[in-house]
Every structure is written in structure tokens, then in C-alpha cells.
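Engineer: Quick one, what's the 3D model for this:
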Amino acid sequence: MDTFDTGRLIYLVLLLLMVVGWAFAARRTSMNKTLQYAAVWGLIILGAVAAVGLWDDISRASMPYRANVVGENTVTVPRSRDGHYYLTLKINDTDVRFVVDTGATDIVLTKADAIRAGINVDALNFLGRANTANGEVATASVRLDRIALGPIEDRNVRAVVTGGEMFRSLLGMGYLQHWGNISIARDTLTLIR
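Structural biologist: All right, here's what the predicted structure looks like:
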């Protein structure tokens, strides 16, 4: 806490003491009523302080975690409560939700997402290997005809389908490198092309 915050805190405490002192002096005859009012006001003030202190969490909980197209070539993504950034992209005209993973080399699709995007996973050759947090998994290289984030579209993009179990598809550097500028500031991921 810096000196400015400390000064404000001292001022507020003194102001509160003055108001409480006045309330007791004005209502000496009806102490029960004064204590009831003090308890009500105390709860109101406590609720207001809690709301101000938790405002970021409250607004983040009520805010949808979806990309916002800010300009013709700019997309912003709020950080979710679990600390990750999620994007929903259209893969071959199918919405697929990704977790942004700058540690992943490629776009990595789960088998379920690949099937939804129209990829015949039974015809894929899972000859590639990838090291994950859960160990080594087999991968199959594919080309995505179309991938779109809002109005921004790319064609013939390389991706892999994982043969292992994954909770969600990963949006790795294979896609993110198509953006000229990637930055994270104040819990917002910004992509600029």
C-alpha cells in the first residue's frame, strides 16, 4: 500500500468514526435503534466494499469468453477464469472451440473436432509423434480447407489430428504465426494481422 492509499484509508476511518460518534450522540436515548441502524449500515458498507473488491471476478464471470473483432484485422480475447484464452474458429464451416497454446507447434484437433469438421479420421495415417504433458501420442497431418476467425480467413492450413485423448483442440503456433502481432495485456489477448 503506497502513501496515497494509506492517507485515504486514514481519512475514511476518521470520517467513519465521526459519523458513528455523531449517531451515538444524537440518539443517546434510543440506543437499541441506533445499534440496529449501525448494523444495517455496516452490512451495506461491507456489501459495497465486497462488490468493489470482487468487481473483476464478477465482471469476468458474467462476461462471455469469446473473441471480439475490434477492427478489420484485430481480434481481442478475454482471459477466462481458468487462466486460459479460448477461441472459436470456423474449420470448414464448423465451429470448433480451441484453447490458445503458444507452447504447441501446430493446430491440434481432437478426433471428435476433426470428425465434426468433416475430416475422415478413419482414413488418416497416424504416423507422426508428438510429446505432450501426458506422454507421446500419435498424430496425423491434415490440411484444413478453410479456417476463419470472424471475418479473417485462411485457406489450406496445416494441422494435425491427435490419436490420443485430449480435452480440447489446441490453437498452436502453426496458426498464430499467421498474425503479425500477438500480445497479452490486462487479461486480454490481442491478435493483429
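Engineer: Could you double-check that V100 sits in contact with L191?
Structural biologist: No - V100 is not in contact with L191 according to Cβ atoms under 8 Å; the separation is 9.2 Å. The C-beta positions use only the backbone N, C-alpha and C, and glycine is treated the same way.
Engineer: More neighbours: which of the two?
Structural biologist: Neighbour count, other Cβ atoms under 10 Å: between V100 and L191, L191 has more, with 24 against 20.
Engineer: now that one: how far from A112?
Structural biologist: Counting by Cβ to Cβ, to the nearest Å, the gap from L191 to A112 is 25 Å.
Engineer: before we move on, what about T94?
Structural biologist: 11 Å.
Engineer: again, but for Q177
Structural biologist: 26 Å.
Engineer: mind listing what T105 touches?
Structural biologist: Applying Cβ atoms under 8 Å, 6 or more residues apart in numbering to T105 gives the contacts A130, G172, M173, G174.
Engineer: Please apply the same query to A140.
Structural biologist: V121, L124, N125, F126, L127, G128, V160, V161, G163.
Engineer: Try it again at 6 Å.
Structural biologist: Each residue near A140 by Cβ atoms under 6 Å, 6 or more residues apart in numbering is listed here: L124, N125, F126, V161.
Engineer: Now do the helices in this protein.
Structural biologist: Taking DSSP state H as the test, the helices found in the chain are 3-26, 31-53, 55-62, 111-116, 173-176.
Engineer: List just the one of these that sits closest to T74.
Structural biologist: Closest of the helices of the chain to T74 is helix 173-176, at 14.4 Å (criterion: Cβ to Cβ).
Engineer: Can you point out the buried residues in the closest one?
Structural biologist: The neighbour-count check on helix 173-176 (16 or more other Cβ atoms under 10 Å) flags G174, Y175, L176 as buried.
Engineer: What pairs with the longest strand anywhere in the chain, parallel or antiparallel?
Structural biologist: Counting by DSSP state E, the longest strand found in the chain is strand 135-149. Using DSSP bridges, strand 135-149 pairs in its sheet with strand 86-91 (antiparallel), strand 128-132 (antiparallel), strand 152-162 (antiparallel).
Engineer: Now render these as TSV, adding mean neighbour count and mean pLDDT.
Structural biologist: What follows is these, written out as TSV (neighbours: other Cβ atoms under 10 Å; pLDDT from 0 to 100):
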stretch	mean neighbour count	mean pLDDT
strand 86-91	20	92
strand 128-132	13	82
strand 152-162	17	92
